[in-house]
Structures are given as C-alpha cells and as structure tokens.
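Colleague: take a look and give me a structure for this.
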Amino acid sequence: MGKYYDDFEIGEEAVSAGRTVTETDIVNFAGITGDWNELHTNKEYGAKTQFGQRIAHGALIFSIATGLSVRMGQTADSIIAFYGLERLRFVKPTFIGDTIRVKQRVESKSVRDEASGLVTMLNEVVNQNDQIVVSYIAKVLLKRKG
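Modeller: Here you go, the predicted model:
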C-alpha cells in the first residue's frame, strides 16, 4: 500500500531494488527511440572512445530508474501525476553489466489544495560501486489523506 502526501517526511530516505543493465536493454531502447548512436550500439566504435566500451543511453538509465522507483511502491495508491523533473544530470557512464539502484531523499513538500500535495525528491541512480551515474529532482503530485 502506498503512502500519501501526509505520510512523507522531509529528509526521509529510501532505496530501490537493483537492476542489471543488459545489451538487450540497449538494443531495445535504441529500437524504440530510434537512437542508434554508435556509442551505444557499436562495440568496435565504443572500444575507441574515452570509455573503452559501449555505454547505455542516459535516457535509458533514467527510464529504468523511473521503473525502479515505481517498484518501491511508495506512491502506488496515492499518485495523481508525475509532475516533473529538475536538474537531470548524467554524471558517469553506465556500462553493459552494471547494476543500478535508486536512492531517494525527500527534499520538500508543498500543499496544493485540500486533496493534493507536491513532494520533491532527490533521486540518485547509483551503480554497483555506489557511484552516482544519474541525478535528478523528481516532483510527484500525491493525494492527501481524508
């Protein structure tokens, strides 16, 4: 059961389950988006870059992070809308075989009206070495109790 706006506390933290990024993820994402940039899809090209190998699309990692956040179930019954993003940054590359998870911290809250409130969370996507690979502020519009 999800939490309502009223249940969230500023400073509260949560961590998602992990998920390993695969070559299939990258190929499927390229197919869906049409982003066939060789940095993501060409092994030989990737080997010649500063990264030494292919890297996952930043937008793919953000998308996986969104799914990991949803799987946490914190807003399952209370979400009205994903309100928006601020300060999306792709900090480090994510490679095929890396395992990522999302660390969330409630930064602020604001009442919108009698029925809803906005919760702002810092989301840091970290790899298996606990290095931040993507960082962003997410805003979610949630139901209020009663």
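
Colleague: what about the closest residue to residue 89 other than its chain neighbours, neighbour count?
Modeller: In this structure, residue 89 finds its nearest non-sequential neighbour in residue 135, 4.9 Å apart by C-beta to C-beta, 6 or more residues apart in numbering. Where C-beta positions appear, they are placed from N, C-alpha and C, glycine not excepted. Neighbour count of residue 135, defined by other C-beta atoms under 10 Å: 16.

Colleague: what about the residue positioned nearest the centre of the chain, which helix or strand?
Modeller: Centroid-nearest residue in the chain: residue 65, 2.7 Å away (criterion: C-alpha atoms, centre = their mean). Assessed by DSSP states H and E, residue 65 sits inside helix 58-71.

Colleague: helices or strands up against that helix?
Modeller: Helix 58-71 is packed against strand 19-20, helix 23-33, strand 79-90, strand 99-111, strand 116-126, strand 132-143, with contacts defined by 3 or more C-beta pairs under 8 Å, 6 or more residues apart in numbering; DSSP states H and E.

Colleague: between those, which one is nearest to residue 4?
Modeller: Ranking the helices and strands packed on helix 58-71 by proximity to residue 4 (C-beta to C-beta) places strand 132-143 first, at 5.6 Å.

Colleague: pLDDT of that closest one, averaged?
Modeller: What strand 132-143 shows for mean pLDDT is 97.
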